[in-house]
Every structure is written in structure tokens, then in C-alpha cells.
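A.B. asks: dropping a prediction and its sequence here:
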Amino acid sequence: PYEVLLRNPNPADSGLEFAQFKSANYKLNGNAVIWLNRESQTDIPDEIWPIPYFMVQPVPDKNLYISHYNYFPGNGKTPMRLETYEIVHYKTYNPDNRFVGMSPIESLAVTIRGDLGMRKTSTRNYTDYGGSPPSILAFKDWVPDPAWNEIQAKITQQAKRNEMMTLRGAGDGVSWMSRALSNK
């Protein structure tokens with residue numbers, strides 16, 4: 001019965017269109033969602049419909065399983081509740097969310113965002129500050145956060161950012177250290 005249903009899943013889609021929609025959504029978005037039109041968990045579906053993944057939201061229960069799904073039809077109305085037996089959700093691995101897959105593009109974007117941030121920081125350090133702070137102001141004893149923040153603010157006011165590095169838990173008392181080594 002399932003194979004027959006896959007050939008003619010619903011009145012709007014052929015079997016090929018259904019398979020293409022499911023495959024494309026999974027590959028592009030990391031999620032493919034299918035609605036099974038059936039009355040109960042034991043009933044064979046009368047129809048199966050692909051739903052764009054962004055229109056369906058899994059709702060976790062208190063045990064970190066899925067309680068149900070909310071379906072947002074896009075007409076501004078309250079979301080419809082769909083039971084777990086009505087939804088088949090294919091998803092890729094997502095380190096940030098157990099219930100929603102991560103698309104390959106999102107994964108790439110995370111990496112690119114980190115690379116761009118690192119490049120921006122490196123460029124600023126090497127163009128504006130010659131690669132590294134020329135000196136270090138070190139405190140042997142741990143300085144509490146409020147005092148530490150005040151020290152950092154005063155140094156920032158009096159000097160260009162990154163002209164001096166500050167360290168807690170280093171040196172003898174309070175000491176100034178020249179950075180004799182180059183970045184190379």
C-alpha cells in the first residue's frame with residue numbers, strides 16, 4: 001500500500017514531484033517534512049503531502065522528545081497542532097538543535113563567519129598595531145573583576161587599543177614587561 005501511495009501521493013503531486021520536493025528540501029535545508037493524512041496512528045494514510053520545513057515546528061515535551069508539531073499555514077492564523085503520527089521529519093545532524101536539521105549552507109556560514117571575524121581581527125592587529133601589543137602590564141595577585149574592568153578602561157582611555165596587554169596572575173606585584181619577541 002505504501003508503494004502505491006508513493007506513486008500517487010496526493011491530488012496535487014505526482015510520485016516524481018513528491019520525491020523531488022522531499023529530496024530537494026532535505027539537501028538544501030537539512031529538513032524534509034511530510035504530512036500523513038490519517039485519523040490515527042494505526043490507520044494507513046489516505047494521502048501524503050510534502051510541507052516546506054519552515055512551516056512546521058517541532059514542540060519538545062518535558063522528556064526531550066517531541067510532543068507534537070505546530071503547523072503554520074501562512075495565513076496569519078493560529079498554528080495548527082499536528083500529532084507526531086501525522087508527521088515524518090527527515091533531518092540532518094545539527095549540533096545546536098536536536099529537533100531541526102542544519103542545512104549544508106548554514107554549516108558553511110558558521111565556518112565562514114568565524115573565518116571572516118578572524119581575518120578582520122588579524123588585519124586590524126597587523127595594520128593598526130603592528131601585529132601585537134608592544135608591552136604587558138602584569139599583576140601577580142588576582143585582581144577582582146570590578147577593579148580589573150576599571151584598570152582596563154583607564155588603559156584604553158590613555159592609550160590606543162592593543163598598545164598594552166594586561167595580565168592577571170603574572171609577574172611580581174605589578175610589573176611592566178616589554179615584548180621583545182616579534183610575532184614571527
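C.D. replies: Looks like it came in fine. Numbering: from 1, shown residues only.
A.B. asks: give the buried residues for the helix or strand harbouring residue 19.
C.D. replies: Taking DSSP states H and E as the criterion, the element that holds residue 19 is helix 15-29. Within helix 15-29, the residues that count as buried by 16 or more other Cβ atoms under 10 Å are 18, 21-22, 25-26, 29. All C-beta atoms are positioned from the backbone trio N, CA, C, and that covers glycine.
A.B. asks: likewise stretch 142-152?
C.D. replies: Across stretch 142-152, burial judged by 16+ other Cβ under 10 Å covers 143, 151.
A.B. asks: averaged over its residues, what pLDDT does that stretch have?
C.D. replies: Taken as a whole, stretch 142-152 has an average pLDDT of 86.
A.B. asks: starting at the chain centroid, how far to it?
C.D. replies: What separates the centre of stretch 142-152 from the centre of its chain is 33 Å, taken as Cα atoms, centre = their mean, to the nearest Å.
A.B. asks: what of stretch 21-29?
C.D. replies: For stretch 21-29, the separation from the chain centroid amounts to 19 Å (computed by Cα atoms, centre = their mean).
A.B. asks: need the residues that contact that stretch.
C.D. replies: 13, 31-34, 50, 52-54, 90, 92, 101, 103-105 (Cβ atoms under 8 Å, 6 or more residues apart in numbering).
A.B. asks: let's see it at 7 Å
C.D. replies: 31-32, 34, 50, 53, 90, 103 (Cβ atoms under 7 Å, 6 or more residues apart in numbering).
A.B. asks: give me the buried entries from those.
C.D. replies: Burial by neighbour count, judged by 16+ other Cβ under 10 Å, picks out 31-32, 34, 50, 53, 103 from the contacts of stretch 21-29.
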